[in-house]
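Asker: Coordinates only, no sequence provided:
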């Protein structure tokens, strides 16, 4: 699996990994932080550690967009960015099958807001999954990135 790290204005890192048929956004969490839901949930990463807000410079956001476009073509054949026209294409609120829980992702010009699925165990280490994209979700994500970037140039 290939990996690239992007750093936002505050030094926070967004890790992008990809392989054939999947793209993953990951971040780092403080696994020593106690879970805010108490003792019953102590084996899970604290929910506040699963919420990430990345604020990229215009240059870093452009590099991020270019990288997303290039890995899309490595991961899938016939990749065509297009508007989300169904729940299957919507990345905003998604279900992560591995964690049997929901997460969310939103994007604005230069800003990515993500919340990983809640049931990520501390024993998995400090790297947390924010989202796993399939082809259709990534097509709509790249479409939105391009639209936001083009709009910021206008």
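Answerer: Cool, the structure landed. The structure displayed is predicted, hence computed values, not measured ones.

Asker: what separates residue 15 from residue 39, distance-wise?
Answerer: Distance of residue 15 to residue 39, computed by CB to CB, to the nearest Å: 30 Å. Glycine gets a C-beta too; all of them are placed from N, C-alpha and C.

Asker: higher neighbour count, these two?
Answerer: Counted by other CB atoms under 10 Å, residue 15 and residue 39 do not tie: residue 15 has more neighbours, with 17 against 7.

Asker: Do a quick rundown of the helices in the protein.
Answerer: 58-75, 135-153 (DSSP state H).

Asker: who does the longest one touch, helix- and strand-wise?
Answerer: Of the remaining helices and strands, those touching helix 135-153 by 3 or more CB pairs under 8 Å, 6 or more residues apart in numbering; DSSP states H and E are helix 58-75, strand 101-108.

Asker: who's in contact with the residue nearest the centre of the chain?
Answerer: Against the mean C-alpha coordinate of the chain, by CA atoms, centre = their mean, the closest residue is residue 25 at 3.7 Å. Contacts for residue 25 (CB atoms under 8 Å, 6 or more residues apart in numbering) come out as 14, 15, 16, 105, 112, 114, 129, 130, 131, 133.

Asker: Which of these fall within strands?
Answerer: 14, 15, 16, 105, 112, 114, 129, 130, 131, 133 (DSSP state E).

Asker: neighbours around the nearest residue to residue 149 once chain neighbours are set aside, how many?
Answerer: Leaving aside its chain neighbours, residue 149 sits nearest to residue 65 (5.4 Å; criterion: CB to CB, 6 or more residues apart in numbering). When counting by other CB under 10 Å, one arrives at 17 neighbours for residue 65.

Asker: Likewise for residue 106?
Answerer: When neighbours are defined as other CB under 10 Å, residue 106 has 14 of them.

Asker: for residue 87, same thing?
Answerer: Close neighbours of residue 87, defined as other CB under 10 Å, add up to 9.

Asker: and what of residue 26?
Answerer: Residue 26 has 21 neighbouring residues, counting by other CB under 10 Å.

Asker: now swap in residue 95 and tell me
Answerer: Using other CB under 10 Å, residue 95 has 10 neighbouring residues.

Asker: For it, which non-adjacent residue is closest in space?
Answerer: Distance criterion CB to CB, 6+ apart; nearest residue to residue 95, sequence neighbours excluded, is residue 102 at 5.5 Å.
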